[in-house]
Structure formats: structure tokens, C-alpha cells
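In: how would this look folded up:
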Amino acid sequence: MTGLLLVVSLLAQAPPPPSPPSSIDAGLPPLTVAIDRSSPRATVQGLLDAVHDDEPMVAAHFLSLDFLPQAQQPIAGPSAAQRLAFLIERGLKLDPDTVSQSPTGSSGPGVVLGRLKLDGQHLPISVERVPSGAAAVWLFSPQTVRSVDALYAVYRPPFGEKMPAWLLRRPLGALALWQWAGLLCLLALAAGLGLVFERGLLALFARMARLTTLSWDDEVVVGARGPLRTLLGAGLVAAGLGVLALPLVAQHGLAIFVRSLAIFSVAWFALRALALSARMVEQGASGADVDDSRSRGIRTQMVLLRRVVQVAVWIIAAALFLMQFELVRSVGVSLLASAGVAGLVIGLAAQKSISTLLAGIQLSLTQPIRIGDYVVLEGESGNVEEITFTFVVVRIWDGRRLVVPITYFLEKPFQNWNKGDPKQLGAVTLEVDFQADLEVFRAALTEVLQGPGKALWDGATQGVVITDATARTLTLRALVGAKRFGLSWDLRCLIRERFVRVLREHPEWMVKVRTLGADKA
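Out: A predicted model of the protein is given here:
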């Protein structure tokens, strides 16, 4: 009994017998590098990386090949791994980052990555957790490996089986050599066909535009050259990408590139059409039968409204471009979610800028000033040379530029000599002696208005009167009307010169100082 108990005690203390070796990778050559198969994501990413690195034998270690004889595994495994990687990227369009990275899987011993349609059935592409000694690894299931050849026959790239092996290699990025070559050919073909289609469509549109009496549509057709070609080229590239069987990452990047080209071409055409429309409106408003005041008003409106629309086009184009990126969209959602306090802070900070922008829009609509108007403000006078969203440039008579905030013209008083009637009154004053003959000065004024000043005079307003009389002098004032602003100064200078000549002809009319002595007692 004692001996039996000793034997039982020794057996209990002895280590357990080793587990039989797993049949995983039994038929494949041993690996010289370590691979990670600890989670579904690691297995999917490892398979794709090995295929992209042109290591199909390493990729075969991510497949469950136990259903094949060990002698066939080194032959069938690499081929099945390459085809399976293509099906994952092209058929499932699977992003490995979306796969579970839990060592135990998301639920159960297997994870279905997706399904591909074959003969009316949807076959699953799945990985399963397989025991391997004391641990476990994740491999693509035998059912998936068995269906790879049948699925590849449906989703395979064009001429894939007939291509030389070196064309299927991926020396640069995730694209094979034949895909790089096909992409370059597609871009060149899209550029050529885009040019041909553009010429054909522009010829058709030009013929249709000639049927109308307007000249605007002819200009727009000419302005479409370039943007239309870019838009057609982007559409052709998008249509041809399906033939190249690109992986998901490359498809996503090229799709963003194509959409960006489309957005750019539409914005380009919109800005061109806007410029052509504004130019034609300005040309129509500058005709001989259009009043100068109305012409300058239309020009001012076109300048400001064109800038408003330009800013709107660029903002919309930039927003559409940025919305293609998931990171920007998520940031936008976060900003909108926290827009309570942030919106208040930004609104207070940008209050001045927003008010300035609104002032520019209000100025273009109400038009207290227009380009070319003669204004007097801040002790200076000159012509309005430029109107922007934030400031107005006034060209002073001596060539200097006075830059004034645009809100000034909505908040402070100023003189606009072009507002209302374009005619302008001007006065010339002169001090003379009591002996001066007023009729001589009136005749001199008539001589000027009928002679050198006739082109400046409005033909109606003229007169010479005595406006003041002191103990020593008389003050004469000659009042005349100029045809429009800016001419009054030249007309007054001519009158003043003529009056000076009158005084030279009659020096006794110049101001004298008289002293009268009292009678002696």
C-alpha cells in the first residue's frame, strides 16, 4: 500500500506530457521573420502588407490550409493569399482599421469581414481563431480559402491572368506595376479626350449662342474653355478608375483628387462667367446714351457685388473641398456641437469685421458715394478712386491718396458734390473801390462765358452783384454755374483772371485808403 501511494504521489508531481504539435503552417516553409496573428485586424493587415511587399509565401501563413495536403500548401497558399488580398481591397473595399483588434474577436470564435456575391449567393470572407499550442492565432477560414478562386474569377482585374508576373509586383506603394502604367495612360487619355470633347461641345454651344440676339452667351461659351476641359477630364478619370481595380486607399485618394478637380473647374467657370457678366454690364452702362452719374453708380455696384460673389464662390468651393476629408467633417461636427460659447466668443471678436463687411454691402446698395465722385471730408477733397469691403481710397487733387474706413461714409457727414444735380455753382469775390463800374464787370463776365468758358458754363446761371459795402471797399460776387462738378474750379479761374485785367485797365477802381482832414477852425 505504501509503495502504491508513493507511485501515485510521483505521478502527481510529474509535468504533463507535451501537447501534440499543431498542424498550422506544417506544409509551409518556416518563417524567417516574426508575424502578428494575435487579432483579426493583425491578420488582415499582415496579409495585405505581405502581398504589397511581394512576399506571397509570408502571406500564405495567414491562411488556414489544413484542408490541403501538405505538399500542395507551398504552391496553393501564395496564390490564394494574393487573390484574397485583391478580393479584400477590391471586392470588399475593406479598411483594416475597422476590423476588431481584440485577441478574442468581437463575438464568437470567428469574425465575418464581409460578403461577396457569387452565383446568386453571398459568400462570407471571414477569419477564425485557431488554437496553436498554448496560445491561439487568427487565420482566414478554410471556407474562405476554398472560395477564393471562384470569387477571383468574378472580381479579377482585366487581363490579370495573362499579365507577366513582374507586372503584378508592387514596387511602389499599394499599386502594382500594371496599375501604375494604367493610371498614367488613363490620365493621358482623359486629358486628350477632354480636349476633344471640349472642342466639340464648345462648337455646339457657340452655334446655339449665335441663334440668340444677346452677346453675353457668346462670351460665356468662350469663357468655358479650360474649365469645361478640366471637368470632362475629371469625369473620364472617374469612369476609368474601375478598370484599374485599385485598392481601397488608392481609390479613396484618387476619388478625392477627381472631386477636387470637378469643384475647381466649376468654381473657375463661375468666376469667369461672373467677370464676363460684370464687364458687359459696365460696358452697357458706359454708353453714350447713359447718364454719367448712373454709369458710375452701376460700376460701383458691379465692383462690390462682384467681390461679394467671388468671396462666396471661394468659400463654397473650399467648404466642398474640405468636406471630402473625414477629419475635417468630424471637427466641424464638434465645433457645431460646442457652438454655444464658442459662437458667442467668435461673434464678439469678429463683430468689427462683420460690421465692416455689412457696411460694404450697404454702401453698394444705397450708394452715398460712387467711384469717381468728388467728395470733401476730413479737410481734404478729391475723387473716389477705389471702393473695397473695408476701406475707400480718395485721390486728392495733389495726387495723394486718402484711405478712409468704409464705415466712415455711413457714420459721419461728408460732402459729395456729385450727389443729385451734376451742375455746380461757383462764386468769385473781388474787393474794389467805390468808383468801380459794375456794368463793366458784368460785361467782362459775359465775355468769359461766351468765349473761353463756354464749354464749362451751364448756359443759365450768371450774375455780378454787390454783396457787401464797408467804409473803404465794395465786395463784388460773380456767381456762375458749371455743367458738372470739377469744371467749376476752371471756370472761376478764368473769371478771376478777366476781372484782374479789368482792374489793370482801370487802376482807379483798385481799393484806396482815403484820409479826410477836418476843416480848420
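
In: what packs against the host helix or strand of residue 234?
Out: Secondary-structure assignment from DSSP states H and E places residue 234 in helix 227-244. Judged by 3 or more C-beta pairs under 8 Å, 6 or more residues apart in numbering; DSSP states H and E, the packing partners of helix 227-244 are helix 177-209, helix 248-285. (C-beta placed from N, C-alpha, C; glycine too.)

In: give me the beta-bridge partners of residue 391?
Out: Note on residue 391: beta-bridge partners residue 405, judged by DSSP bridges.

In: Distance check, it against residue 410.
Out: When distance is defined by C-beta to C-beta, to the nearest Å, residue 391 is 13 Å away from residue 410.

In: Check residue 206 too.
Out: The span separating residue 206 from residue 410 equals 45 Å under the rule C-beta to C-beta.

In: for residue 36, same thing?
Out: According to C-beta to C-beta, residue 36 stands 68 Å off from residue 410.

In: and residue 51, what does it touch?
Out: Neighbour list for residue 51: 59, 81-82, 85, 170 [criterion: C-beta atoms under 8 Å, 6 or more residues apart in numbering].

In: now do residue 222
Out: Taking C-beta under 8 Å, 6+ apart, we find residue 222 in contact with no residue.

In: Check which helix or strand it maps to.
Out: Counting by DSSP H and E, the element that carries residue 222 is helix 216-223.

In: Pass me the low-pLDDT residue ranges in the stretch 101-250 of the chain, would you?
Out: For the stretch 101-250 of the chain, the stretches with pLDDT under 70 are 106-109, 134, 157-176, 245, 247-248.

In: can you pull the buried residues of the helix holding residue 222?
Out: Of the residues in helix 216-223, those with enough neighbours to count as buried (16 or more other C-beta atoms under 10 Å) are 217, 219-221, 223.

In: quick check: domain ranges of this protein?
Out: What the record gives for the chain is the domain set 40-156, 162-285, 294-420, 424-509, from automatic domain parsing.

In: What's the first helix or strand after the helix or strand of the chain with the lowest mean pLDDT?
Out: Within the chain, no helix or strand scores below helix 2-13, which has a mean of 41 by mean pLDDT, DSSP states H and E. For helix 2-13, the following helix or strand on the C-terminal side (DSSP H and E) is helix 40-52.

In: thinking again about what came up before, tabulate the domains of the chain in CSV, adding columns for distance to residue 25.
Out: As requested, the domains of the chain are exported to CSV (distance: least, C-beta to C-beta, whole Å):
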stretch, distance to residue 25
domain 40-156, 6
domain 162-285, 24
domain 294-420, 38
domain 424-509, 95
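
In: Of the ones you listed, which stretch is the most buried?
Out: Per-residue neighbour counts averaged over each of the domains of the chain give the maximum for domain 40-156, namely a mean of 18 (mean count of other C-beta atoms under 10 Å).

In: Distance of residue 280 relative to residue 202?
Out: On the measure of C-beta to C-beta, residue 280 and residue 202 end up 19 Å apart.

In: Relative to residue 27, which of the domains of the chain is closest?
Out: Relative to residue 27, the nearest member of the domains of the chain by C-beta to C-beta is domain 40-156, separated by 3.2 Å.

In: Need the CA coordinates for stretch 409-421. CSV is fine.
Out: Output for stretch 409-421, consisting of C-alpha atoms alone and laid out as CSV, is shown next (Å, rounded to 0.1, in the frame of the first residue of the first chain):
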residue,chain,number,x,y,z
PHE,A,409,-19.3,107.1,-45.0
LEU,A,410,-22.2,105.6,-43.1
GLU,A,411,-21.5,107.2,-39.7
LYS,A,412,-20.1,110.7,-40.3
PRO,A,413,-21.1,113.6,-42.5
PHE,A,414,-19.2,114.4,-45.7
GLN,A,415,-19.8,116.3,-48.9
ASN,A,416,-20.5,114.6,-52.2
TRP,A,417,-20.5,117.1,-55.0
ASN,A,418,-21.9,114.6,-57.5
LYS,A,419,-25.0,113.7,-55.5
GLY,A,420,-28.1,114.9,-57.2
ASP,A,421,-27.8,117.5,-60.0
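
In: How far does that stretch sit from its chain's centre?
Out: Going by C-alpha atoms, centre = their mean, to the nearest Å, the spacing between the C-alpha centre of stretch 409-421 and its chain's C-alpha centre is 37 Å.

In: which stretches of the stretch 301-450 of the chain have low pLDDT?
Out: For the stretch 301-450 of the chain, the stretches with pLDDT under 70 are 301, 327-357, 364, 420-422.

In: Show the residue spans covered by the strands in it.
Out: According to DSSP state E, counting those that start in this stretch, the stretch 301-450 of the chain carries its strands in the segments 374-377, 380-387, 391-396, 401-405, 415-416, 424-432.

In: could you dump these to CSV with distance to residue 479?
Out: Output for the strands of the stretch 301-450 of the chain, formatted as CSV (distance: least, C-beta to C-beta, whole Å):
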stretch, distance to residue 479
strand 374-377, 20
strand 380-387, 20
strand 391-396, 27
strand 401-405, 30
strand 415-416, 19
strand 424-432, 5
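
In: Quick check: closest non-adjacent residue to residue 303.
Out: Ranked by C-beta to C-beta, 6 or more residues apart in numbering and with sequence neighbours excluded, the top spatial neighbour of residue 303 is residue 387, at 6.2 Å.

In: before we move on, what about residue 83?
Out: With C-beta to C-beta, 6+ apart as the criterion, residue 83 has its nearest non-adjacent residue at 4.2 Å, and that residue is residue 152.

In: Tell me if I am right that the one you found is in a helix.
Out: Yes: in this structure, residue 152 lies within a helix as judged by DSSP: H, G, I helix; E, B strand; the rest coil.

In: can you pull the contacts of it?
Out: Remark: with contacts taken as C-beta under 8 Å, 6+ apart, residue 152 is in contact with 83, 86-87.

In: all strands for the stretch 51-200 of the chain, in order.
Out: Using DSSP E, counting those that start in this stretch, the strands found in the stretch 51-200 of the chain span residues 110-118, 121-132, 135-140.

In: Tell me which of those lies nearest to residue 186.
Out: strand 110-118 (25.5 Å).

In: now the angle between helix 40-52 and the closest one, please.
Out: Orientation of strand 110-118 against helix 40-52 (axes from the mean of the first three to the mean of the last three C-alpha atoms, to 10 degrees) gives an angle of 50 degrees.

In: Dig out what residue 116 forms beta bridges with.
Out: residue 123.

In: Next one: it relative to residue 126, how far apart?
Out: 11 Å.

In: what do you get for residue 491?
Out: Spatial separation of residue 491 from residue 126 under the definition C-beta to C-beta is 96 Å.

In: Am I right that residue 454 is in a helix?
Out: No: judged by three-state DSSP, residue 454 forms no part of a helix; its state is coil.

In: so what pLDDT did it get?
Out: pLDDT recorded at residue 454 is 88.

In: go on, the one 5 residues further on?
Out: At residue 459, the model reports a pLDDT of 85.

In: Helix, strand, or coil at it?
Out: For residue 459, the secondary-structure state derived from three-state DSSP is strand.

In: Give me the distance between it and residue 423.
Out: As defined by C-beta to C-beta, residue 459 lies at a distance of 10 Å from residue 423.

In: That's all I had, so thanks and see you.
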